[in-house]
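*Asks:* Below: sequence and its predicted model.
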Amino acid sequence: QTRTEAAFAGLIESRRAELVPAATALAQRCLALLEHYTGCRQGLAEARGESAVIEDLRSQLSGLVHAGSIATSYAELDDRIRYLKGLRARLQRRANDPVKDARKLARVQPYAARLQAALKSGRQDTTAFRDFHRQLEEFRLSVFAPEIKTVGKVSEKSLDALLSGAGEVL
């Protein structure tokens, strides 16, 4: 631990060479996140169709990028970028076949509704909420953008297991 100003200055000096590459890597991730976010917002602005589908898209986007959402780990930023890529792919596919998108949404909707209920009741700071949200986003990828690899296997069964294990938290 650094307890003096001199020790802190020495630590900074010894790590100076690591700071610029680390800051550059973080800036690149944040830029990618914001570029995909902007693309999703543009796609949503142009989207037409059922209000339930549009609301699901908006809800997913606001759950991925919100105030404070870049104050996280590199790995989580990378995951959010993947999820935004999936959302963009969904928006593009949906424009060509909204009926197919609505059928796919029927698989996701019960889980998205549980996530929204937990969010509205203020339970988003729990580990169970974060785990479920992450798994729901992976499930969305598998359903709407299967060309984007998921981290691990995810299915309705695994989401149901998370919900049953979470009890009243979700």
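*Replies:* Happy to help now that I have it. Numbering: from 1, shown residues only.

*Asks:* can I assume residue 49 is in contact with residue 97?
*Replies:* No: using CB atoms under 8 Å, residue 49 makes no contact with residue 97, being 11.1 Å away. (Each C-beta comes from the backbone N, C-alpha and C, glycine too.)

*Asks:* Looking at the two now, which is surrounded by more residues?
*Replies:* Neighbours per residue, other CB atoms under 10 Å: of residue 49 and residue 97, the larger number sits with residue 49, 14 against 11.

*Asks:* where does residue 151 land in three-state SS?
*Replies:* Local secondary structure at residue 151 is given as coil here, using DSSP: H, G, I helix; E, B strand; the rest coil.

*Asks:* count of neighbours near it?
*Replies:* Residue neighbour count, defined by other CB under 10 Å, stands at 14 for residue 151.

*Asks:* Isn't it up against residue 75?
*Replies:* No: the pair residue 151 / residue 75 is not scored as a contact, 9.4 Å apart, by CB under 8 Å.

*Asks:* max-length helix in the chain?
*Replies:* helix 5-46 (DSSP state H).

*Asks:* next helix or strand past that one?
*Replies:* The first helix or strand that comes after helix 5-46 along the chain, using DSSP states H and E, is helix 51-64.

*Asks:* Would you tell me what the next helix or strand after that following helix is?
*Replies:* helix 74-96.

*Asks:* Pull out the buried positions in that next one.
*Replies:* 77, 79-91, 94 (16 or more other CB atoms under 10 Å).

*Asks:* Going by distance to residue 18, which of those wins?
*Replies:* residue 77 (18.4 Å; CB to CB).

*Asks:* And the closest one, how far from residue 41?
*Replies:* Distance, residue 77 to residue 41, using CB to CB, to the nearest Å: 18 Å.

*Asks:* Could you do residue 72 as well?
*Replies:* Applying CB to CB, the value for residue 72 to residue 41 is 20 Å.

*Asks:* Then residue 48?
*Replies:* In terms of CB to CB, residue 48 sits 15 Å off from residue 41.

*Asks:* So these two - more neighbours on which side?
*Replies:* Set side by side, residue 48 and residue 41 show more neighbours around residue 41, with 13 against 9, by other CB under 10 Å.

*Asks:* Would you agree that one is in contact with residue 62?
*Replies:* No: taking contacts as CB under 8 Å, residue 41 lies outside contact range of residue 62: 10.4 Å.

*Asks:* Pull up the overlap in contacts between these two.
*Replies:* Applying CB atoms under 8 Å, 6 or more residues apart in numbering, one finds that no residue jointly contacts residue 41 and residue 62.
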